[in-house]
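A.B. asks: mind folding the following:
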Amino acid sequence: MNFLYQIINVVYKKSKSVLLDVLIPLYQRYML
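C.D. replies: Below you'll find the predicted structure:
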């Protein structure tokens with residue numbers, strides 16, 4: 001169970017960082 005939780009946690013963090021990498025440039029483009 002703990003192992004599964006660690007996998008989910010890593011995937012969540014990676015997906016969140018990827019989402020930020022995509023959203024920040026878009027946000028800057030539309031705000032500037």
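
A.B. asks: contacts, neighbours, all on C-alpha from now
C.D. replies: OK.

A.B. asks: for Leu20, pull up the helix or strand it's in.
C.D. replies: Using DSSP states H and E, Leu20 sits within helix 2-31.

A.B. asks: average model confidence for that helix?
C.D. replies: The average pLDDT for helix 2-31 rounds to 91.

A.B. asks: chain center to it, what's the gap?
C.D. replies: 0 Å (CA atoms, centre = their mean, to the nearest Å).

A.B. asks: so how far is Asn9 from the residue positioned nearest the centre of the chain?
C.D. replies: In the chain, the C-alpha nearest the mean C-alpha coordinate belongs to Lys16, at 1.2 Å (CA atoms, centre = their mean). Going from Lys16 to Asn9 by CA to CA, to the nearest Å gives 10 Å.

A.B. asks: over to Tyr30?
C.D. replies: In this view, Tyr30 and Asn9 are 31 Å apart by CA to CA.

A.B. asks: over to Phe3?
C.D. replies: Distance of Phe3 to Asn9, given as CA to CA: 10 Å.

A.B. asks: looking at the two, which is more packed in?
C.D. replies: Asn9 (12 against 8; other CA atoms under 10 Å).

A.B. asks: the more buried one and Asp21, how far apart?
C.D. replies: According to CA to CA, Asn9 stands 18 Å off from Asp21.

A.B. asks: and Met1, how many neighbours does it have?
C.D. replies: 5.

A.B. asks: again, but for the one 10 residues further on
C.D. replies: Other residues near Val11 come to 12 when the count uses other CA under 10 Å.
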